[in-house]
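**Q** Sequence first, predicted coordinates after that:
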Amino acid sequence: MRVAVAALLALVAVDAGATGRLDAYIAELESADRGAWQQPEKVIATLHLRRGMVIADIGAGTGYFARRFAGAIGPKGRVIALDVDGDMLEELRRRALDAKNVDTRTVAPDDPALAPRSVDLVFVCNTGHHLPDRVRYYGKLRRALRPGGRLVLIDFYKRTLPLGPPVAEKVSRAQTLREAGAAGFRLRASHAFLPYQYFLELE
Ligand SMILES: C[S@@+](CC[C@H](N)C(=O)[O-])C[C@H]1O[C@@H](n2cnc3c(N)ncnc32)[C@H](O)[C@@H]1O
């Protein structure tokens with residue numbers, strides 16, 4: 001009996017720890033301070049989104065960008081918000097209750113499982129370092145793009161910054177360009193207004 005109670009308490013403690021970690025992660029992604037450095041409105045204005053577009057947001061998290069895309073592309077557009085973490089997507093759905101043009105999909109770490117030629121823009125923000133075998137992954141993203149489609153990569157510069165993952169885990173701008181190039185992408189535009197992140201548009 002004592003063993004069973006101890007096991008139950010341990011399980012509850014692990015669960016509470018996981019919940020606490022998720023809450024902290026969500027709070028970080030949605031922090032009020034983030035707007036100052038992430039500048040989502042300026043990022044979105046830079047992308048010149050069209051109404052009716054289909055956007056895939058890879059590693060959408062809480063939907064910090066996906067929710068804003070949903071407004072920018074209008075009711076005939078579609079945001080496909082992909083994440084490996086179903087709890088994150090649940091949080092996204094909770095925050096995007098009014099957005100009828102957002103689909104959420106839980107995906108495997110190595111496969112966005114997007115249909116060929118189905119998407120106008122693939123957006124990956126602060127998620128590149130999580131992706132396994134990025135060249136292969138970017139190849140899959142390339143096949144999902146419609147003719148004229150774009151891949152947008154935003155990620156932290158590989159240097160010491162007040163936020164983001166540890167330097168060792170960051171993927172540099174140069175490496176990202178090399179990997180995307182190996183998958184067949186070429187740089188279309190590079191935007192330098194974000195203080196902590198590179199912002200690349202590839203085609
Ligand atoms: C740092 S958060 C960024 C969230 C969002 N893009 C943003 O900018 O607020 C990284 C997200 O990527 C997700 N993720 C990690 N590995 C992934 C993978 N292989 N495929 C898709 N999503 C992944 C995580 O669950 C997490 O929600």
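**A** Happy to help now that I have it.
**Q** Can you name the residues of the protein that neighbour the ligand?
**A** 29, 58-61, 64-65, 82-85, 88, 107, 109, 125-127, 130-131 (C-beta under 6 Å from any ligand atom). (Glycine included, C-beta is placed from N, CA and C.)
**Q** Residue ranges of each domain in this protein, please.
**A** As recorded under automatic domain parsing, the domains making up the chain are 1-30, 35-202.
**Q** Quick one: end-to-end distance for the longest one.
**A** This points to domain 35-202. By C-alpha to C-alpha, to the nearest Å, the extent of domain 35-202 from end to end equals 24 Å.
**Q** contacting residues around the nearest residue to Arg50 once chain neighbours are set aside?
**A** Excluding the flanking residues, the one nearest Arg50 by C-beta to C-beta, 6 or more residues apart in numbering is Ile73, at 7.2 Å. Counting by C-beta atoms under 8 Å, 6 or more residues apart in numbering, Ile73 touches Leu49, Arg50, Arg51, Gly52, Met53, Ile55, Val79, Asn101.
**Q** before we move on, what about Ser31?
**A** Here Ser31 is in contact with no residue (C-beta under 8 Å, 6+ apart).
**Q** and if we set it to 10 Å?
**A** By C-beta atoms under 10 Å, 6 or more residues apart in numbering, the contact set of Ser31 is Gln38, Tyr64, Leu163.
**Q** quick one: which of the residues you listed is nearest the ligand?
**A** Checking the contacts of Ser31 against the ligand by C-beta to the nearest ligand atom gives Tyr64 as the nearest, at 3.7 Å.
**Q** okay, now that closest one: neighbour count?
**A** The tally of other residues near Tyr64 (other C-beta atoms under 10 Å) stands at 20.
**Q** Sketch out the helices for this structure, chain order is fine.
**A** With helices called from DSSP state H, the chain shows them at 2-29, 34-38, 40-47, 66-73, 86-95, 134-144, 173-182.
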